[in-house]
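Colleague: starting from these lines, generate the structure:
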Amino acid sequence: LKLTIPSYRAQKPSFTSSKFITKEFRLLSQIIDNDSLHILHLSTNKELIARSRYSDILPYKHNEVELSTGNLINASYIQTPFINSFIATQYPIKALNDFFYEMLIEKKIKYIVMLTNSDNTTSNEYWKNSTSHYSIKYTQKIHFNDSIIIRKFEINNTVEITQINFINWKDHSALNIFDTYKSFLDIFHVIDDHFSKEKSPILV
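Modeller: Model prediction:
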């Protein structure tokens, strides 16, 4: 794999370089060839399956996110060469918002990168929906460019979350990276300060 990154991006973090991306693909092939245990050890907890938007997409046991209350959520840690971990999770359905907000608070999440377009008529707008346990205050919306919307919301008037929504990747579809890579990389520019200053995970 070889990508050409425009020169004005050269001073940005190394995770945008073709060398880093090539290394990632090599690591993927090693996992597939040499680490069959990760394929076998999927979570089989029936309660977790019931709390998933897609019940056929489950976390591996070795990196699933555990909440201190014992509540279950379909989420996985993703380790990278950088200080910050990422947490990958599914877009929550409305009935599961309490568990989603609990994870945001407990794991000290400050940024959510949402990589799918939200259809306001059918999707759960979790950045607006209060529950009996959590008060949600939607505070700001910014159209960063044609591909990215930035939203801010608060949980219980104390925890501020910034959501970066990449709207050009529709659910159940493949991303055309050749048409969108510039906007896709802009996501990292928005969270540059987080990578250098914060230790809490970024939720994707």
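
Colleague: Val159: what's it in contact with?
Modeller: Counting by C-beta atoms under 8 Å, 6 or more residues apart in numbering, Val159 touches Leu104, Ile105. In short, each C-beta sits where N, CA and C put it, glycine included.

Colleague: partner residues bridging it?
Modeller: As for beta bridges, Val159 partners with Ile155 under DSSP bridges.

Colleague: tell me how far it lies from Asn129.
Modeller: Applying C-beta to C-beta, to the nearest Å, the value for Val159 to Asn129 is 15 Å.

Colleague: and for Gly70?
Modeller: Taking C-beta to C-beta, one finds Gly70 at 24 Å from Asn129.

Colleague: more crowded one of those two?
Modeller: Asn129 (16 against 6; other C-beta atoms under 10 Å).

Colleague: is the more buried one in a helix, a strand, or coil?
Modeller: coil (DSSP: H, G, I helix; E, B strand; the rest coil).

Colleague: list the contacts for it?
Modeller: Lys94, Asn97, Ile136.

Colleague: so for stretch 158-168, mean pLDDT?
Modeller: Taken as a whole, stretch 158-168 carries a mean pLDDT of 91.

Colleague: lowest confidence element among the helices and strands of this protein?
Modeller: In the chain, the helix or strand scored least confidently by mean pLDDT, DSSP states H and E is helix 36-40, which has a mean of 52.

Colleague: please report how far the nearest residue in space to Arg151 that is not next to it in sequence lies from Ile112.
Modeller: Counting by C-beta to C-beta, 6 or more residues apart in numbering, Arg151 lies nearest to Gln163, which is 4.5 Å off, once chain neighbours are set aside. Taking C-beta to C-beta as the measure, Gln163 falls 4 Å from Ile112.

Colleague: among those two, which residue is more densely surrounded?
Modeller: For the pair Gln163 and Ile112, the greater number of neighbours falls to Ile112 (21 against 18), based on other C-beta under 10 Å.

Colleague: confirm for me that that one is in contact with Leu203.
Modeller: Yes - in this structure Ile112 lies within contact range of Leu203 using C-beta atoms under 8 Å: 4.6 Å.

Colleague: which neighbours do those two share?
Modeller: By C-beta under 8 Å, 6+ apart, Ile112 and Leu203 have these common neighbours: Leu104.

Colleague: helices of the chain, residue ranges please.
Modeller: Ranges of helices within the chain are 18-34, 36-40, 46-50, 97-106, 177-190, 192-197, based on DSSP state H.

Colleague: mean pLDDT for those: which is lowest?
Modeller: Across those, helix 36-40 gives the lowest mean pLDDT, at a mean of 52.

Colleague: ok, now which ones touch the nearest residue to Arg53 once chain neighbours are set aside?
Modeller: What sits nearest to Arg53 in space, not counting adjacent residues and going by C-beta to C-beta, 6+ apart, is Gln90, at 4.4 Å. Gln90 is in contact with Ser52, Arg53, Tyr54, Ile57, Asn74, Ala75, counting by C-beta under 8 Å, 6+ apart.
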